[in-house]
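K.L.:
Here's my sequence, what's the structure:
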Amino acid sequence: MLISAIVIGLCLLFVVREAGWGPGGNIAQLEHPGGDPFSDQIVKELRKYYGKTISEKNTQASIIGVRDMVVGMHPANGKELFSTILKRAFPDYTGDIMETLDKLDQYNSWLEDNREKIAGMTAAERVAFLWEKRKELFGDDAEKIWSGEMLATEARNAKAQDAIIMLNESSDLSIREKADEYRQILHETYEGSPEEYILDQPRLLSEIFFSMDSVQDELKQMSPEERQAEINRIREEMGLTEDQIESLARRDAENERRWETGLLYMEDRERIVSEYDGHERQELLRQLREEYFGDEAGTIELEENDGFFRFKRPRIYGRN
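P.N.:
Here you go, the predicted model:
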């Protein structure tokens, strides 16, 4: 059975969280895929879920969700990282897979460019229009990629995504009402489907909920105590146990401490960058990193050399 890319993405995100890739995670390690748990686990999961059918185009196409997750987590060199992971997992099929994903990128870009045109078509016109483009890009492989099961999975995921986007944009619902609607959307979409086990991931589903801009806007308006209480309540309603909620609350507190430290560091860093240059700037930045981060200063330096500034990322309460 073809495994939904969204499910694999969720599973891999769980691995990332467990490995500690938050604001304190060692992002620089991702450049060394042979020696970090992130890359090792992705290779393992890719082989597990896709290994038996990786020569088939529909299986290759399904990996696009995993690629997008890797690139999203490490924008500076995510494409290179994913390519390296792919070569480890499927050395004999890396070229074929990359070609398939490149064509899918072209297809998705075309979809975006033609969104309004497609929206104005009848159902029959839309189907014909989409198939014409699919066959233009993939030839006979188009029917293999968009098989019955993949089309059904694609439709379910699109339905859930559209509903969540509408929920996020809703201005007349409170965060509690949105949480109730969110759970209802997930159950209506995935209950009884091959992806039903998405519903057995309450921690991940709660983190996806916390990623909504409108949810974050409301959380930011709360006091720290109110915010943590609301986050705990949502996690409980999503199905997390009391012990899990307490453990995640401790993680939240540590994240809060690290963000406070990190933002102070960024203020001092910007001052040094604006006032100094050359060797003097580099030496002052080195001292500043050691002052704020101690043994982790080397990791921060590697990230910054790679163009990644962890404390310039959006702060997402309940996640990082």
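
K.L.:
Relative to its centre, which residue of the chain is most distant?
P.N.:
The C-alpha centroid of the chain is most remote from residue 280, which lies 38.1 Å away (CA atoms, centre = their mean).

K.L.:
on contacts alone, who are the packing partners of the helix or strand where it lies?
P.N.:
For residue 280, the host element (DSSP states H and E) is helix 278-293. Under the contact criterion of 3 or more CB pairs under 8 Å, 6 or more residues apart in numbering; DSSP states H and E, helix 278-293 touches helix 242-275, helix 297-305. Bear in mind the C-beta positions are built from the backbone N, C-alpha and C, glycine included.

K.L.:
If you count neighbours, what's buried in the first one?
P.N.:
For helix 242-275, the buried set under the neighbour-count rule, 16 or more other CB atoms under 10 Å, comprises 245, 248, 252, 255-256, 258-259, 262, 265, 269, 272.

K.L.:
Give me the buried positions along stretch 220-228.
P.N.:
For stretch 220-228, the neighbour count (16+ other CB under 10 Å) marks 227-228 as buried.

K.L.:
scratch that, stretch 140-160
P.N.:
Neighbour counts using 16+ other CB under 10 Å place 141-142, 145-146, 150, 153, 156-157, 160 of stretch 140-160 among the buried residues.

K.L.:
In strands only, show me those.
P.N.:
Using DSSP state E, no member of the buried residues of stretch 140-160 falls in strands.

K.L.:
Switch those over to CSV; also include distance to residue 87 and pLDDT.
P.N.:
Listed next are these as CSV, based on distance: CB to CB, whole Å; pLDDT from 0 to 100:
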residue, distance to residue 87, pLDDT
141, 22, 92
142, 26, 92
145, 22, 87
146, 27, 84
150, 25, 65
153, 27, 72
156, 32, 80
157, 28, 75
160, 32, 82
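
K.L.:
Tell me where the model's unsure across the stretch 101-250 of the chain.
P.N.:
Scanning the stretch 101-250 of the chain for pLDDT under 70 picks out 148-150, 154, 194-195.

K.L.:
For residue 236, give me its contacts.
P.N.:
The contact partners of residue 236, by CB atoms under 8 Å, 6 or more residues apart in numbering, come to 242, 245.

K.L.:
orientation of the helix or strand where it lies relative to helix 242-275 in degrees?
P.N.:
With secondary structure defined by DSSP H and E, residue 236 is part of helix 224-238. Helix 224-238 runs at 130 degrees relative to helix 242-275, counting by axes from the mean of the first three to the mean of the last three CA atoms, to 10 degrees.

K.L.:
send the alpha carbons of helix 224-238 over as PDB?
P.N.:
Extracted in PDB, the C-alpha atoms of helix 224-238 (Å, rounded to 0.1, in the frame of the first residue of the first chain):
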ATOM      1  CA  PRO A 224       3.000  33.400  30.200                       C
ATOM      2  CA  GLU A 225       0.800  31.600  32.800                       C
ATOM      3  CA  GLU A 226      -2.400  31.900  30.800                       C
ATOM      4  CA  ARG A 227      -0.600  30.700  27.600                       C
ATOM      5  CA  GLN A 228       0.900  27.600  29.200                       C
ATOM      6  CA  ALA A 229      -2.400  26.700  30.800                       C
ATOM      7  CA  GLU A 230      -4.100  27.000  27.400                       C
ATOM      8  CA  ILE A 231      -1.400  25.000  25.600                       C
ATOM      9  CA  ASN A 232      -1.700  22.300  28.300                       C
ATOM     10  CA  ARG A 233      -5.500  22.200  27.900                       C
ATOM     11  CA  ILE A 234      -5.300  21.900  24.100                       C
ATOM     12  CA  ARG A 235      -2.800  19.000  24.400                       C
ATOM     13  CA  GLU A 236      -5.100  17.200  26.800                       C
ATOM     14  CA  GLU A 237      -8.000  17.600  24.400                       C
ATOM     15  CA  MET A 238      -5.900  16.200  21.600                       C
END
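
K.L.:
Tell me, what's the model's pLDDT at the residue positioned nearest the centre of the chain?
P.N.:
Centroid check for the chain by CA atoms, centre = their mean gives residue 69 as the closest residue, at 4.6 Å. According to the prediction, residue 69 has pLDDT 76.

K.L.:
Which of the three states applies to it?
P.N.:
With DSSP: H, G, I helix; E, B strand; the rest coil as the basis, residue 69 sits in helix.
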